[in-house]
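>>> Following is a predicted model, sequence given first.
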There are 2 protein chains.
Amino acid sequence: MAEKKILLDAGSGGKASHRLIGELFKTHFSNPYLDRLDDAALLDPVDGPLSVSTDTFTVDPLIFPGGDIGSLAVHGTVNDVAMLGAEPLYLTCGFILEEGLDYALLERIVVSMGKAASDAGVPIVTGDTKVVPKGMADKVFINTTGIGRVVADPPPSGHRAAPGDVVLVSGTMGDHGLSILAKREGLSFETDVLSDSAALHKLIKRLLDEVGDIHVLRDPTRGGLGTTLNEIAGQSGAGILLREADIPVNPAVASGCSFLGLDPLYLANEGKLICILPGDKAEAALALMRSDPLGAGAAAIGEVTADNAGKVIMETPMGGRRMVHMLEGEQLPRIC
Amino acid sequence: MAEKKILLDAGSGGKASHRLIGELFKTHFSNPYLDRLDDAALLDPVDGPLSVSTDTFTVDPLIFPGGDIGSLAVHGTVNDVAMLGAEPLYLTCGFILEEGLDYALLERIVVSMGKAASDAGVPIVTGDTKVVPKGMADKVFINTTGIGRVVADPPPSGHRAAPGDVVLVSGTMGDHGLSILAKREGLSFETDVLSDSAALHKLIKRLLDEVGDIHVLRDPTRGGLGTTLNEIAGQSGAGILLREADIPVNPAVASGCSFLGLDPLYLANEGKLICILPGDKAEAALALMRSDPLGAGAAAIGEVTADNAGKVIMETPMGGRRMVHMLEGEQLPRIC
């Protein structure tokens, strides 16, 4: 029997579109908001300012060690919404499908996406599907947009990094980027490294509730830790001093990077956060993160400084200092 | 001099991404929400239930008579948000760009998109850009997600169509679909038909404020009037009886359709709405629409009935009756 394929008419808006929505999306994403099926979702009022983020996922391969484009599309947007000190409430999704896509592959992705949303407690409330002719897209692209309620007051922001603050990360750097690359290139160390793709909003809620006074929360995705810290230095006008020896890197990632000539500082993470907060809160935040499976490898990696304004400086294990720049060029297209 | 092209590193998250965001998106979309540039946009509290809609635009060609993918991506989502009886407040955008895309073409689209958002009074508050290698997408795809404040109580919904209601449309059917197809196929009548792409939220606000008691608002986009009315019949469980002679169709669209073997009932519209409301309100709604340039061609085209539950029936000019089904197959891929 021939494998079932996605045909162009699944994006027509007509009968075939309704069949796809009914069989696949309504089945695996079902919730009272989605099930009304009007042009827009009718959502309950939100008390307070909104946190809204959008992200399009074009990751290649679609399924990788530790995740797939469906779960990644949920985790990535849930995390971005939460980084504003917010509780993620709702997700939307927009699929672009290539004509001829295996139905079974799409179903696997949709099931994973539905499970990730359900595990995170954030319903997918509305969606859209387009099908483009063969060769006009590469299998599946997914956009997700997330809406949350800001609970931190004031909300964390890259502008709020201040001298005396400590820079924490919730775990090892570069796992997602290296897992994708290893899978894509069929490298032999592929089995050693899993993507860290995970939803961090529950860990963030604990940090806000139990520690508080968090100045900056960011997830170092595309561009990695090096680029994200440069953004924060640029927004705040403060300097950031890192200690290279304290940046946690999984040994398999370090050896993969050395083999491939990559720098873990610029590899994407999809389940790690940067938390910048006053020095006297750092121990409590570290202890909390380390008590949580999502922050088990947390570490203090540096400080915010008044000097070197707008710059990120790294102290090497030998005691030297070098500038850490924003990523130049592109290490890895289609990493997320 | 070689034309400027979009390179892969524009999607890296690093320096080239920041340059593209600064030069293009911040320049043409600028507003205080967007300009903060954190992982998520911090938006003012919204008083009341939310209307949220998402749509991905893959229209081919990117620039067509009466619009382009940028303005369409604003109008389409603003309209979907408004159809819930809501005031659109915020838009997000997610771009997928193909490596090698002409910078000038992207700029033209972004300028048009910024102008459409500004004309509509709905700011683009956050965004994302991915670049995929050449051949992995077709030039530009754009997702927009819109958030609005529901003002109608109860909100219009396909479920609320009730026997005795009158079915109105705000103008001619099929202009967008035919304009795209004519342009794509290089047909000689191309100059005669413009897309109707337009933001309808101000007309909707007037209908809600000045007429009220509107049971259903929908925009007949992909799948056209025939498919959308079938959705409404399905949601409400009522029947819909149309009078074919009363459905407004631009003569150039009618002749193009007859030439191409297409049915204007199934062609997409991007600046028209279906309004279903109690019979005693129909005259006022029609008069209001006709007083507005966006509703100049408004017409009453049929009634909601207790019989023929869940079905759409059309009375032909000769007095016969036929069933109108949902669109089968695909007339026109990449229409929006």
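Okay, I see it.
>>> Find the centremost residue of chain A, please.
The centroid of chain A falls nearest to residue A:76 when counting by Cα atoms, centre = their mean (3.1 Å).
>>> Give me the spatial nearest neighbour of it, chain neighbours excluded.
Distances taken as Cβ to Cβ, 6 or more residues apart in numbering or on different chains put residue A:55 closest to residue A:76, at 5.1 Å, once the chain neighbours are dropped. From N, CA and C alone the C-beta is placed, and that goes for glycine too.
>>> on contacts alone, who are the packing partners of whichever strand or helix holds that neighbour?
Of the helices and strands defined by DSSP states H and E, residue A:55 is found in strand A:50-57. Contact partners of strand A:50-57 among helices and strands, from 3 or more Cβ pairs under 8 Å, 6 or more residues apart in numbering or on different chains; DSSP states H and E: helix A:69-82, strand A:86-98, strand A:140-150, strand B:41-43, strand B:86-98, strand B:124-132, strand B:140-150.
>>> Pull out the CA atoms of stretch A:105-119 and give them to me as PDB.
Once side chains and other backbone atoms are set aside, the C-alpha atoms of stretch A:105-119 remain, and they are given as PDB (Å, rounded to 0.1, in the frame of the first residue of the first chain):
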ATOM      1  CA  LEU A 105       5.800  12.000   9.600                       C
ATOM      2  CA  LEU A 106       3.500  15.000  10.000                       C
ATOM      3  CA  GLU A 107       1.400  13.000  12.500                       C
ATOM      4  CA  ARG A 108       4.400  12.100  14.500                       C
ATOM      5  CA  ILE A 109       5.300  15.800  14.700                       C
ATOM      6  CA  VAL A 110       1.800  16.900  15.600                       C
ATOM      7  CA  VAL A 111       1.500  14.200  18.300                       C
ATOM      8  CA  SER A 112       4.800  15.400  19.800                       C
ATOM      9  CA  MET A 113       3.700  19.000  19.600                       C
ATOM     10  CA  GLY A 114       0.400  18.200  21.300                       C
ATOM     11  CA  LYS A 115       2.100  16.300  24.100                       C
ATOM     12  CA  ALA A 116       4.600  19.100  24.600                       C
ATOM     13  CA  ALA A 117       1.800  21.700  24.900                       C
ATOM     14  CA  SER A 118      -0.100  19.500  27.200                       C
ATOM     15  CA  ASP A 119       2.900  18.800  29.400                       C
END
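>>> what about that stretch, distance to the chain center?
With Cα atoms, centre = their mean, to the nearest Å as the basis, stretch A:105-119 stands 16 Å off its chain's centre.
>>> which residues touch it?
A:6, A:24-25, A:28-29, A:62-63, A:67-71, A:73-75, A:91, A:93, A:97, A:123-124, A:139-140, A:142, A:199 (Cβ atoms under 8 Å, 6 or more residues apart in numbering or on different chains).
>>> If we check chain B, which of those are in contact?
Of the entries in the contacts of stretch A:105-119, those that also sit close to chain B under the rule Cβ under 8 Å from any Cβ of the partner chain are residue A:93.
>>> Now the buried members of the contacts of stretch A:105-119.
Applying a neighbour-count criterion of 16 or more other Cβ atoms under 10 Å in any protein chain shown, the buried members of the contacts of stretch A:105-119 are A:6, A:24-25, A:28-29, A:62, A:67-71, A:73-75, A:91, A:93, A:97, A:123-124, A:139-140, A:142, A:199.
>>> got any ranges where the stretch 201-336 of chain A has weak pLDDT?
Under the criterion pLDDT under 70, the flagged ranges of the stretch 201-336 of chain A are A:331.
>>> in stretch A:324-336, what's buried?
By 16+ other Cβ under 10 Å, the buried positions in stretch A:324-336 come out as A:324, A:326, A:327, A:330, A:331, A:332, A:333, A:334, A:335, A:336.
>>> ugh, wrong one, I meant stretch A:234-253
For stretch A:234-253, burial by neighbour count (16+ other Cβ under 10 Å) applies to A:234-236, A:238-244, A:247-250, A:252-253.
>>> Next: stretch A:91-104.
Burial within stretch A:91-104, assessed by neighbour count using 16+ other Cβ under 10 Å, is assigned to A:91, A:92, A:93, A:94, A:95, A:96, A:97, A:98, A:99, A:101, A:103.
>>> who's the first one bridged to?
In this structure, residue A:91 bridges to residue A:124, residue A:146 when assessed by DSSP bridges.
>>> In contact with it, which residues are there?
Counting by Cβ under 8 Å, 6+ apart, residue A:91 has contacts A:74, A:77, A:78, A:117, A:122, A:123, A:124, A:125, A:144, A:145, A:146, A:147.
>>> So which of these is the closest to residue A:179?
Nearest to residue A:179 among the contacts of residue A:91, counting by Cβ to Cβ, is residue A:74 at 17.6 Å.
>>> Need the pLDDT of the nearest residue to that closest one once chain neighbours are set aside.
Closest residue to residue A:74 apart from its sequence neighbours, by Cβ to Cβ, 6+ apart: residue A:116 at 3.8 Å. For residue A:116, the model assigns a pLDDT of 98.
>>> On the three-state scheme, residue A:116 is what?
Residue A:116 carries the three-state label helix when classified by DSSP: H, G, I helix; E, B strand; the rest coil.
>>> What about it, how many residues nearby?
The burial count assigned to residue A:116 is 24, neighbours taken as other Cβ atoms under 10 Å in any protein chain shown.
>>> Distance check, residue A:32 against residue B:139.
Between residue A:32 and residue B:139 the computed distance is 38 Å (Cβ to Cβ, to the nearest Å).
>>> Quick one: residues contacting residue A:285.
If a contact means Cβ under 8 Å, 6+ apart, then residue A:285 has A:168, A:207, A:211, A:214, A:275, A:277 as its contacts.
>>> ok, and which of the residues you listed reach chain B?
When Cβ under 8 Å from any Cβ is applied, no member of these is adjacent to chain B.
>>> Can I get these in CSV including secondary structure and neighbour count?
Formatted as CSV, the entries for the contacts of residue A:285 read as follows, by DSSP: H, G, I helix; E, B strand; the rest coil; neighbours: other Cβ atoms under 10 Å in any protein chain shown:
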residue, secondary structure, neighbour count
A:168, strand, 23
A:207, helix, 28
A:211, helix, 19
A:214, coil, 22
A:275, strand, 30
A:277, strand, 26
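>>> Which residues of the stretch 201-336 of chain A lie near chain B?
Counting by Cβ under 8 Å from any Cβ, the positions of the stretch 201-336 of chain A adjacent to chain B are A:218-219, A:221-224, A:227, A:231, A:235, A:266, A:268, A:325-331, A:333-334.
>>> Among those residues, which are located in strands?
Using DSSP state E, the subset of these located in strands is residue A:218.
>>> So which of the residues of the stretch 201-336 of chain A next to chain B belong to helices?
Among these, the ones falling in helices (DSSP state H) are A:224, A:227, A:231, A:235.
>>> Mind splitting chain A into its structural domains?
If the domains of chain A are taken from automatic domain parsing, they occupy A:2-150, A:158-323, with pieces of a single domain joined by a plus sign.
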